[in-house]
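**Q** sequence first, predicted coordinates after that:
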Amino acid sequence: MEKSKIWINKTFKGVELLSASYTKFKFTKHWHDELAIGVIEDGAEGLFYRGDNLIIPKRHIVAINPSEVHTGFSGAPNGWRYRMFYFNLKELDSEFSNRDMPIDPIINSPIIYDEYLFNILFQLHVSLEKPSFELTKESLFSLAIEKLFRQYGSAKRERFNSICTTSSYLARDFIQDNFEFNPSLSELEKISNCSKFQLIRSFKIIFGITPHQYLLLIKVKNAKKLLSKGLSCVDTSLACGFCDQSHFIRNFKKAFGISPSNYLNDKG
């Protein structure tokens, strides 16, 4: 079955998204003005790029630089399923101006095998399709862009290694005190006086998780306390600032291995 969906998420300017599954469909020769980055979820995509026929298999990343002519076709009998980002680099430059992060339009290889980057890009794409916290979307975006350009971009720069300890604790305390209001990464950047990239790196080094993962943990822990006091699932979800009921149920079960309603019934 062939299907496709294209959309723009209002969180980031200049980022178009595609989710598609193709079996027999073939793209004719074309190019993108944007940097095209995709993750192959299943099957394999065939690509005619820079004079060669390439096969990008499942769990690999495809990277097509702006203005590069290419095609797309099935690289496996059952076709391929993938998720694509189309990054407007002018918008990215304005997003990351005055940061410790180089944005360069040239990615060195059209095929990248990197499990960590694949997972981050996949999670980011899903977060821009389904209800997610702004902190989740911003954090995944920063992690993905930093990894992509630092390791696979043509303008590699020396990694910034300093750890922002005080800033990380300020960010942690701010999340604890304001978890129900869903603080954004931009807010954490301001209150901690530390760039998004430095803050995420430092926070993870010190606490073992990223700021958006910490926010989710604080939310579900507080949700558990409220459920223990007899609050309903709907009221608990609202009190803790979840995007919607499905978002609350999914994250509660991930943390505790049981749905909120079952936990409430067991307590009752």
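**A** On my side now, so go ahead. Fair warning: this is a prediction, and the values are worked out from it, not measured in the lab.
**Q** determine the longest strand present in the chain.
**A** strand 35-49 (DSSP state E).
**Q** tell me the mean pLDDT for it?
**A** Mean pLDDT, computed over strand 35-49, is 96.
**Q** buried residues, that strand. List them.
**A** Going by neighbour count (16 or more other CB atoms under 10 Å), the buried part of strand 35-49 is 35-41, 43-47, 49. C-betas here are computed from N, CA, C, even on glycine.
**Q** flag the shaky bits of the stretch 101-250 of the chain, pLDDT-wise.
**A** Filtered on pLDDT under 70, the stretch 101-250 of the chain yields the residue ranges 101-105, 155-162.
**Q** for it, what spans make up the helices?
**A** Assigned by DSSP state H, counting those that start in this stretch, the helices in the stretch 101-250 of the chain fall at 115-127, 134-152, 165-178, 185-192, 196-207, 211-228, 233-239, 245-256.
**Q** any chance of TSV for those helices, columns mean neighbour count and distance to residue 27?
**A** Below are the helices of the stretch 101-250 of the chain laid out as TSV (neighbours: other CB atoms under 10 Å; distance: least, CB to CB, whole Å):
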stretch	mean neighbour count	distance to residue 27
helix 115-127	19	19
helix 134-152	22	23
helix 165-178	17	43
helix 185-192	19	35
helix 196-207	21	34
helix 211-228	20	34
helix 233-239	17	42
helix 245-256	17	34
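**Q** against which helices or strands is the longest strand of the chain packed?
**A** strand 52-57, strand 61-64, strand 70-74, strand 80-87, helix 115-127 (3 or more CB pairs under 8 Å, 6 or more residues apart in numbering; DSSP states H and E).
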